[in-house]
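# Return a 3D structure for these sequence lines:
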Amino acid sequence: MGLLDKLSGLLGLKKKEVHILCLGLDNSGKTTIVNKLKPPNAQTQDIVPTIGFSVQKFKIATLSFTVFDMSGQERYRNLWEHYYKDAQAIIFVIDSSDKLRMVVAKEELDILLNHPDIKHRRIPILFFANKMDLRDALTCVKVSQLLSLENIKDKPWHICASDAFKGEGLQEGIDWLKDQIQAGEDVKR
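Take a look at the predicted model:
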């Protein structure tokens, strides 16, 4: 490590790399959200459903994010658990207009929360109640109730209303997540 690396680390200027899992059922808007979080010149115009997973890297403030955008299709959800151990935060995206599959989203969330690699860790979870622009979308309060988020007592969590196409609600969520990650680092020091 060179002198500049040491100095930037001491001054808090060095970018810390953070591994984030972006999870949720298929068609909830995960890829669109991850795309909107990237700098405008790095955003993709054509979003296609994720098969398996994709990895996106971008920087926000002093954090360098590596986001694993995991497919939410049923046949790929068993892959999620292979990435739990290295995850430092989770973004869980819910299609707030898909009332029929809210039960499935809750089941997947429960499996995630009870997995041995997640259960005993104080990992922050950011929920995006996405597609709020649709007429039949449920409120954040209703989504929170249907997912029983109030029962999550051992992990910091936050839910944000979002419209991934317009980018609405994303900054609030990422600011919360960044604060949680930085607060966790302060505790470790």
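
# For the chain, just list every one of the strands.
Secondary structure of the chain (DSSP state E): strands at 16-24, 53-60, 63-70, 89-95, 125-130, 157-161.

# and of those, who's closest to Asp136?
Across those, Asp136 has its closest neighbour in strand 89-95 (10.9 Å, CB to CB). For glycine as for every other residue, the C-beta is placed from the backbone atoms N, C-alpha and C.

# Okay, now the sheet partners of that closest one, with direction.
Next to strand 89-95 in the sheet, as set by DSSP bridges, lie strand 16-24 (parallel), strand 125-130 (parallel).

# Run the angle between it and strand 63-70 for me.
Relative orientation of strand 89-95 and strand 63-70, computed by axes from the mean of the first three to the mean of the last three CA atoms, to 10 degrees: 50 degrees.

# Need the mean per-residue confidence for strand 89-95.
Strand 89-95 comes out with an average pLDDT of 96.

# CA-only coordinates of it, as PDB, when you get a sec.
Extracted in PDB, the C-alpha atoms of strand 89-95 (Å, rounded to 0.1, in the frame of the first residue of the first chain):
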ATOM      1  CA  ALA A  89     -26.500  -5.300   2.600                       C
ATOM      2  CA  ILE A  90     -29.600  -6.400   0.800                       C
ATOM      3  CA  ILE A  91     -32.000  -4.500  -1.400                       C
ATOM      4  CA  PHE A  92     -35.300  -6.400  -1.600                       C
ATOM      5  CA  VAL A  93     -37.600  -5.100  -4.400                       C
ATOM      6  CA  ILE A  94     -41.400  -5.700  -4.300                       C
ATOM      7  CA  ASP A  95     -43.800  -5.000  -7.100                       C
END
